[in-house]
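1. sequence isn't available, so here's the structure alone:
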């Protein structure tokens, strides 16, 4: 099938999905607004009248009697509404933001976050990246908030893209991607990592975040008599650009930036459609030296980000120091 048709199909699918998400978010905003107001009414009434815990039990009983077809009025949920209001009432900057994610997400965030900064991060990330409740829980277990504090994003977007687009692109990628959903507990070759990601493409798309649409893997780019391949190719509807991802099982090497720069040049010339923004590259590697990445990206005239992935939060004690390095595995397969 024609490549341009595949890109058109991907864009239309993304448009349909986007409209569905908009409708669901509108319902979410209404429900969260109601819960916030109920929480306010309960808290303030208790303060004014000196009512104790019994008032919540009575409210639950009467509300379920008055609205038998409605869920969410258990005593426990009413207490959660009160806690929800109490948590965010003094932070007007978060009032609009909290309405962007479902109630179940808030229950997870309130129960597992210790600071307002953590809560704000997970609310923003859930909204921007379209995390499901399970993905949110997994991100919190993997300490995504703490990792992004320790590992700032490394890109050259501000040097290679218009300012408004650079900010959007920077928001669209993470400093670390959590691939624990693959269930990989030993080193693998890059083709196996790619195969596992494709097998669990839905999970990978959720981890990448809202706006990413899959175009293809080992996407061919021809130049003269030679053919070059992009490991994974996506289209980002919000950025209106192609996003090429290269998978690397070992540490980042400066030559990876040069290869990505070359692929992006071919994508912009051969695949990018009229009206789309310049293609962006993400080099996804097991680890990186920040200084090395900084210098490697200085010579690139294409927008590239270098990001680490996490396969397992903690290596089992019995495997520590026992597994071969990615380089040793490569040597075994390529003597």
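-> That came through, no problem. Predicted model, so just to flag it, every value in this text is computed and none were measured.

2. please parse this structure into its domains.
-> Listed domain ranges for the chain are 3-109, 152-333 (source: automatic domain parsing).

3. let me see the mean pLDDT of the first one.
-> The one in question is domain 3-109. Domain 3-109 shows an average pLDDT of 85 in the prediction.

4. summarise which helices and strands the longest helix seen in the chain is packed against.
-> Secondary structure assigned by DSSP state H gives helix 3-49 as the longest helix of the chain. For helix 3-49, the packing partners by 3 or more Cβ pairs under 8 Å, 6 or more residues apart in numbering; DSSP states H and E come out as helix 54-66, helix 75-88, helix 92-98, helix 103-112, strand 212-223, strand 226-236. Heads up, the C-betas are built off the backbone N, CA and C, glycines and all.

5. just the strands from the stretch 101-250 of the chain, written as ranges.
-> For the stretch 101-250 of the chain, the strands defined by DSSP state E, counting those that start in this stretch occupy 154-155, 176-178, 212-223, 226-236, 241-251.

6. neighbours of residue 73, how many?
-> By the measure other Cβ atoms under 10 Å, the count of residues near residue 73 is 19.

7. just name the most buried of the domains of the chain.
-> domain 152-333 (a mean of 17; mean count of other Cβ atoms under 10 Å).

8. distance between that one and the chain's centre?
-> Put simply, domain 152-333 sits 14 Å off its chain's centre (Cα atoms, centre = their mean, to the nearest Å).

9. ok so, going back, save the helices and strands packed on helix 3-49 as JSON lines, and put in distance to residue 246 too.
-> Converted to JSON lines, the helices and strands packed on helix 3-49 look like this (distance: least, Cβ to Cβ, whole Å):
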{"stretch": "helix 54-66", "distance to residue 246": "54"}
{"stretch": "helix 75-88", "distance to residue 246": "41"}
{"stretch": "helix 92-98", "distance to residue 246": "33"}
{"stretch": "helix 103-112", "distance to residue 246": "32"}
{"stretch": "strand 212-223", "distance to residue 246": "11"}
{"stretch": "strand 226-236", "distance to residue 246": "5"}
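
10. and those: which comes nearest residue 38?
-> Nearest to residue 38 among those is helix 75-88; the distance by Cβ to Cβ comes to 4.8 Å.

11. run through who's touching the closest one.
-> Helix 75-88 is contacted from outside by 35-36, 38-40, 42-43, 56-57, 59-60, 63, 94-95, 98, 106-107, 110, 119, using Cβ atoms under 8 Å, 6 or more residues apart in numbering.

12. go again with 6 Å.
-> For helix 75-88, contacts defined as Cβ atoms under 6 Å, 6 or more residues apart in numbering pick out 35-36, 38-40, 42-43, 56-57, 59-60, 94, 98.

13. and residue 136, which of the helices and strands packed on helix 3-49 is closest to it?
-> Residue 136 lies closest, by Cβ to Cβ, to one member of these: helix 103-112, at 5.7 Å.

14. packing partners of that closest one?
-> In this structure, helix 103-112 makes packing contacts with helix 116-129, helix 133-141, judged by 3 or more Cβ pairs under 6 Å, 6 or more residues apart in numbering; DSSP states H and E.

15. sorry, back to before: pick the one among the contacts of helix 75-88 closest to residue 123.
-> The closest of those, once distances to residue 123 are taken by Cβ to Cβ, is residue 98, at 6.2 Å.

16. measure the closest one to residue 122 for me?
-> 11 Å (Cβ to Cβ, to the nearest Å).

17. same deal with residue 71?
-> 24 Å.

18. could you give the separation between the terminal residues of stretch 264-280?
-> 7 Å (Cα to Cα, to the nearest Å).

19. what sits up against it?
-> Here stretch 264-280 has contacts from 165, 169, 221, 240, 241, 242, 243, 281, 302, 303, using Cβ under 6 Å, 6+ apart.

20. okay, now the unreliable bits of the stretch 101-250 of the chain?
-> Scanning the stretch 101-250 of the chain for pLDDT under 70 picks out the ranges 150-152, 175, 178, 180-189.

21. which non-adjacent residue is nearest the spatially most central residue of the chain?
-> For the chain, the residue sitting closest to the mean C-alpha position, by Cα atoms, centre = their mean, is residue 209 at 3.6 Å. Closest residue to residue 209 apart from its sequence neighbours, by Cβ to Cβ, 6 or more residues apart in numbering: residue 129 at 3.2 Å.

22. if I read this right, the one you found contacts residue 210, doesn't it?
-> Yes - using Cβ atoms under 6 Å, residue 129 makes contact with residue 210 at a distance of 5.4 Å.

23. tell me the contacts of residue 160?
-> With Cβ under 6 Å, 6+ apart, residue 160 has these contacts: residue 303.

24. could you measure from it over to residue 308?
-> In terms of Cβ to Cβ, residue 160 sits 21 Å off from residue 308.

25. same question, residue 118
-> From residue 118 to residue 308 the distance is 21 Å (Cβ to Cβ).

26. do the same with residue 67
-> In terms of Cβ to Cβ, residue 67 sits 49 Å off from residue 308.
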